[in-house]
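>>> Mind folding the following:
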Amino acid sequence: METHGTGLPSGFMAHGGWAGWSVPSLIDEEIMEVDDFFMSLRAQG
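Numbers count the residues shown, from 1 in each chain. Next up, the predicted model:
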């Protein structure tokens, strides 16, 4: 999504809310690990 400048369709988000999906809470260290992972993928091209 970030790479291609797109977002999720509103229907997908509505379904997630209806199904009770929730975003997990992450501590700062976990957020940085995720960021590092995606930055390494971007660096690979």
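>>> State the number of residues packed around Gly16.
Using other CB atoms under 10 Å, Gly16 is surrounded by 13 other residues. Yep, even glycine has a C-beta here, placed from its N, CA and C like the rest.
>>> counting contacts, what elements does the helix or strand where it lies pack onto?
Secondary-structure element containing Gly16, defined by DSSP states H and E: helix 10-18. Applying 3 or more CB pairs under 8 Å, 6 or more residues apart in numbering; DSSP states H and E, one finds that helix 10-18 contacts no other helix or strand.
>>> Convert the C-alpha atoms of it to PDB, please.
What follows is helix 10-18, C-alpha atoms only, in PDB (Å, rounded to 0.1, in the frame of the first residue of the first chain):
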ATOM      1  CA  SER A  10     -13.700   1.000   2.700                       C
ATOM      2  CA  GLY A  11     -15.600  -2.300   2.400                       C
ATOM      3  CA  PHE A  12     -12.500  -4.100   3.800                       C
ATOM      4  CA  MET A  13     -12.300  -1.700   6.700                       C
ATOM      5  CA  ALA A  14     -16.000  -2.000   7.400                       C
ATOM      6  CA  HIS A  15     -15.800  -5.800   7.400                       C
ATOM      7  CA  GLY A  16     -12.900  -5.700   9.800                       C
ATOM      8  CA  GLY A  17     -14.900  -3.500  12.200                       C
ATOM      9  CA  TRP A  18     -17.900  -5.800  11.900                       C
END
